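Q: using only what follows, build the 3D model:
(2 chains)
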Amino acid sequence: MNGERREGMRAKSFARILITIEDSAGYVADVSPNGFRGLFPNFFDIEKNMLLEINVSFEELGVGPFSVFAKARWTKFSDGAFEVGFELMPACGRAELLLFERIRYYYSQPFREKT
Amino acid sequence: MPHIKYRTKLSTSLRLDFLPDGEFRAVVDTMGEIGYPKLAINADLVSFALLELVANSLRAHKERKIDEPVRIDFRIEDNALAVTVVDSGRGFNPTRLPYDLDAPVAGVDLMSSEFSEYREKNGGSRFGIGLYVAKKTFPRFNLRFIDREDQTCPWYSGAVKGTCIDVAVPLAAMVTEPGKEAETVTSHGDKPPKSHLDSFSPIEDYESLEIIEEVR
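A: As a prediction, the model looks like this:
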């Protein structure tokens, strides 16, 4: 399985995610135009290509809560964390996708200028 | 020698003061600029868990209009990354959390009616997972309420100035064989390797540099 697994990725943002079906909460670790990498503190059973409703909240940015539909494309254990690569599905409403785009924009910004 | 990297500096300790009137983006950016030594637990997860703690503290300061900074101290000690988050947010009533803060985190059900009610009460914008994730992530987690003399006091005492949270995560063990470069040994289990923290021997003594920065 392929995903957005860039070496040296840092947690630059802070969107929280809650997968209600799987009873797991974690974070949006990074976002691409088509999906995102979820990072969780615990393992849970998740079927590849299973359609999931995922709640997203980024309270500090004034975003959320909103739901997106996504499919799990890959999973990976990483030093005690459980990573899942999610692909966003067209079933997401336009407003939700725009909000996710806002999060993606947040992630894509370089660090502020150092003084 | 294990160290913390912050921007261009290396140190065995780092102190950051986050002012509540600053933009949260600055907090995220600043935390993202910290380079940790190799940890036994996923560094991104550690970073998220610490952001949760700082976000909680900053929210308390803003809600109560407290101008004092939220302080976060990082230290390399006893082969672990130890972090202390101290705020002046007047504490909170732990019984209002959707779970028992003193209970083992493994038994917490995020889909329980208590969590649902908590989310509903907060308009769905809070998942109630901040302290949960921190407890789940760090093998060592200790939360206490402090008074103006930094002494521990009960949340109901009326003397609470703020909250002090101590967490620690072991550094990854380094295994070296003759002729080979050092290899990082990490855990891949479901749970953080609790036993590592207790079995590590202290690192060598060396000069401690301290970086102190105020983030607005």
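Q: next, whatever residue of chain B ends up closest to chain A: phi, psi?
A: Closest to chain A within chain B is B:N42: 3.5 Å, counting by Cβ to the nearest Cβ. Placement of C-beta: from N, CA and C, glycine included. Per-residue torsions, B:N42: phi -50, psi 120 (degrees, to the nearest 10).
Q: give the contact list for it.
A: B:N42 makes contacts with A:L39, A:S78, A:D79, A:G80, A:A81, as judged by Cβ atoms under 8 Å, 6 or more residues apart in numbering or on different chains.
Q: try it again with 6 Å
A: Contact analysis of B:N42 by Cβ atoms under 6 Å, 6 or more residues apart in numbering or on different chains lists A:S78, A:D79, A:G80, A:A81.
Q: so which residues of chain B form helices?
A: Under the criterion DSSP state H, helices of chain B are mapped to B:24-32, B:43-63, B:113-121, B:130-137, B:194-199.
Q: contacts for the fourth one?
A: Helix B:130-137 is contacted from outside by A:P41, B:L45, B:A49, B:E52, B:L53, B:N56, B:V105, B:V108, B:F141, using Cβ under 6 Å, 6+ apart.
Q: output those residues in JSON lines; the columns should cover neighbour count.
A: Below are these laid out as JSON lines (neighbours: other Cβ atoms under 10 Å in any protein chain shown):
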{"residue": "A:P41", "neighbour count": "27"}
{"residue": "B:L45", "neighbour count": "29"}
{"residue": "B:A49", "neighbour count": "27"}
{"residue": "B:E52", "neighbour count": "21"}
{"residue": "B:L53", "neighbour count": "25"}
{"residue": "B:N56", "neighbour count": "21"}
{"residue": "B:V105", "neighbour count": "19"}
{"residue": "B:V108", "neighbour count": "20"}
{"residue": "B:F141", "neighbour count": "18"}
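Q: for the chain, which spans come out with low pLDDT?
A: This is for chain A. The model of chain A has pLDDT under 70 over residues A:1-14, A:20-22, A:64, A:91-92, A:107-115.
Q: please go with chain B instead
A: Applying pLDDT under 70 to chain B flags the ranges B:125, B:174-213, B:216.
Q: relative to B:F141, how far out is the residue nearest to the spatial centre of it?
A: Central residue of chain B (Cα atoms, centre = their mean): B:L50, 3.9 Å from the mean position. Note on B:L50: its distance to B:F141, by Cβ to Cβ, to the nearest Å, is 12 Å.
Q: B:G124 too?
A: Applying Cβ to Cβ, one obtains 27 Å for the distance of B:G124 from B:F141.
Q: repeat for B:M31
A: From B:M31 to B:F141 the distance is 18 Å (Cβ to Cβ).
Q: cool, A:L98 as well?
A: Distance of A:L98 to B:F141, computed by Cβ to Cβ: 37 Å.
Q: same thing with B:A168?
A: Counting by Cβ to Cβ, the gap from B:A168 to B:F141 is 8 Å.
Q: quick one, strands of chain B?
A: Under the criterion DSSP state E, strands of chain B are mapped to B:4-6, B:9-11, B:13-18, B:34-35, B:70-77, B:80-86, B:140-146, B:152-153, B:162-170, B:173-175, B:183-185, B:210-215.
Q: export the ones you listed as CSV, with columns for distance to chain A.
A: Converted to CSV, the strands of chain B look like this (distance: least, Cβ to the nearest Cβ, whole Å):
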stretch, distance to chain A
strand B:4-6, 11
strand B:9-11, 12
strand B:13-18, 12
strand B:34-35, 9
strand B:70-77, 13
strand B:80-86, 13
strand B:140-146, 12
strand B:152-153, 27
strand B:162-170, 9
strand B:173-175, 12
strand B:183-185, 9
strand B:210-215, 10
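Q: give me the most central residue, chain A.
A: Central residue of chain A (Cα atoms, centre = their mean): A:V28, 3.3 Å from the mean position.
Q: buried ones in the helix or strand harbouring A:T75?
A: In the assignment (DSSP states H and E), A:T75 maps to strand A:63-78. Within strand A:63-78, the residues that count as buried by 16 or more other Cβ atoms under 10 Å in any protein chain shown are A:63-75, A:78.
Q: neighbouring contacts of it?
A: The contact list for strand A:63-78 (Cβ under 6 Å, 6+ apart) reads A:1, A:3, A:46, A:48-58, A:83-89, A:91-92, A:96, A:99, A:102, B:42, B:124-125, B:188.
Q: using CSV, write down the CA coordinates of that strand.
A: Presented in CSV, the C-alpha positions along strand A:63-78 are these (Å, rounded to 0.1, in the frame of the first residue of the first chain):
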residue,chain,number,x,y,z
VAL,A,63,-12.9,24.5,12.4
GLY,A,64,-15.2,21.8,13.4
PRO,A,65,-16.9,19.6,14.1
PHE,A,66,-17.6,18.2,10.7
SER,A,67,-17.7,14.7,9.2
VAL,A,68,-16.0,13.3,6.2
PHE,A,69,-16.3,9.9,4.5
ALA,A,70,-13.1,8.2,3.8
LYS,A,71,-11.7,4.8,3.0
ALA,A,72,-8.7,3.3,4.8
ARG,A,73,-6.1,2.6,2.1
TRP,A,74,-3.1,1.5,4.2
THR,A,75,-2.1,0.9,7.8
LYS,A,76,1.2,0.9,9.6
PHE,A,77,2.6,0.5,13.0
SER,A,78,5.1,3.1,13.9
